[in-house]
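Engineer: Here's a sequence, model it:
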Amino acid sequence: MFIRLVFVAVVICLSSSCGGLSGQKASLQTAPPYPAGIRPLLLTIYHPYPDFSNLPSGVSPLPSYTGWPVHRMERDLARMRAVGFDGVLLAITPKDLANPTTVEAIGQFLALAAAPPPNSPAPAAAPAPIFKVGLLLAPSEPVTLREENVTRYLESKNLLSFAAVLMLDGKPFIGFSEKVVLMPDPYSACSCRLFGQDWPAMPSGQDAGQSTLGPEGVKWVRVAEHGGGSPVDWDEKTTPWPVSRRRGNAFAEGLRQAFALQAKIIIVSSWNNYRNGSFMEPNTLDHDEMSKVMRNMLEQHGL
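Structural biologist: Take a look at the predicted model:
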């Protein structure tokens, strides 16, 4: 009888220990990857004039739109804030900067980004952070640019003086896509980053982005994967769109990896780049499914 009681006690003890270990393992799996009070800078690529030419029939943004009027700026800013983004990289071309109407629209967007969100509560002791906007020069064709000329031109148009301008190293940020051959200025008044050199290249086609962190802790996350290149092959016989978007599973996994690596800057590609199919703007195919994925992932990781 005594031996039986001892055996029961040992079993109970071991069961309790195993339960404790199991609970500890579960807590480690769900523990936030970032130290308390630390949060990555969450950005997305945003196109003021997206290319809809590759959209399959029956698929369009919700609601559909053309141009970049103020009411669309306000709606897009509200949506991106609600998803959890801290700011955007505004994809523009040298041709955009040569257009006075587009330059004025960029200024309007920067002003709206710096303003308190509509219907926000009365100012409190700690007002909401300003939504940040980084200018990203992304030409459709290869071009050579001199950093000093770009900086001076943007300054002449007052596009670097808004409170919403993204700052890195205490200077206004200007990004350049891989199609830019940049002639750098060692004494630049801006913090310039050339993708593919200073920062990892933007993912395209089946490329889901780099598996490790790039310089300055930068990590790309694609919203969706596709079997085609760029532009995407939308032939449903080879690339079924609903399957390729995988109901947000690929997007969730990309965010999970970025959080696990404790990325300092996470860039989601993209909000509305329909040309490569990796977008999260609400649409007639999967509505706001990708926005829900991102909100859920941020909540799960305490961000």
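
Engineer: and G217, how far is that from G134?
Structural biologist: Using Cβ to Cβ, to the nearest Å, we find G217 at a distance of 16 Å from G134. For every residue, glycine as well, the C-beta is placed using N, CA and C.

Engineer: who's more crowded, those two?
Structural biologist: G134 (24 against 15; other Cβ atoms under 10 Å).

Engineer: tell me the secondary structure for that one?
Structural biologist: Three-state assignment for G134 (DSSP: H, G, I helix; E, B strand; the rest coil): strand.

Engineer: Pairing partners for it in the sheet, please.
Structural biologist: L89 (DSSP bridges).

Engineer: Report pLDDT for it.
Structural biologist: If you check G134, the pLDDT there is 98.

Engineer: I'd assumed A115 was in contact with A128.
Structural biologist: No: using Cβ atoms under 8 Å, A128 makes no contact with A115, being 10.7 Å away.

Engineer: can you tell me the helix or strand for L194?
Structural biologist: According to DSSP states H and E, L194 maps onto strand 191-194.

Engineer: Does that strand pack against any helices or strands, and if so which?
Structural biologist: In terms of contacts (3 or more Cβ pairs under 8 Å, 6 or more residues apart in numbering; DSSP states H and E), strand 191-194 is packed against strand 167-168, strand 171-176, strand 180-183.

Engineer: buried ones in the second one?
Structural biologist: I take that to be strand 171-176. Neighbour-count burial for strand 171-176 flags 172-176 (criterion: 16 or more other Cβ atoms under 10 Å).

Engineer: G84: which of those residues is nearest?
Structural biologist: Closest approach between the buried residues of strand 171-176 and G84, by Cβ to Cβ: F173, at 20.0 Å.

Engineer: number of nearby residues for I92?
Structural biologist: When neighbours are counted by other Cβ under 10 Å, I92 registers 23.

Engineer: Next: R256.
Structural biologist: Applying other Cβ under 10 Å, we find 15 residues neighbouring R256.

Engineer: So what touches the helix or strand immediately after the strand holding L194 in the chain?
Structural biologist: As assigned by DSSP H and E, the chain's next helix or strand after strand 191-194 is strand 218-222. Applying Cβ atoms under 8 Å, 6 or more residues apart in numbering, the contact partners of strand 218-222 are 199-200, 202-203, 207-210, 213, 250-251, 254-255, 257-258, 261, 263-269, 278.

Engineer: For PyMOL, write the selection for the buried entries among these.
Structural biologist: Here is the PyMOL command that picks out the buried ones among the contacts of strand 218-222, judged by 16+ other Cβ under 10 Å:
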select buried, resi 199+200+202+203+208+209+213+250+251+254+255+257+258+261+263+265+266+267+268+269+278
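
Engineer: A91: what secondary structure?
Structural biologist: With three-state DSSP as the criterion, A91 reads strand.

Engineer: tell me how far the helix or strand hosting A78 is from the chain's mean position?
Structural biologist: Per DSSP H and E: A78 is located in helix 70-83. Distance, stretch centre to chain centre, for helix 70-83: 15 Å (Cα atoms, centre = their mean, to the nearest Å).

Engineer: Can you give me the neighbour number for D51?
Structural biologist: Applying other Cβ under 10 Å, we find 14 residues neighbouring D51.
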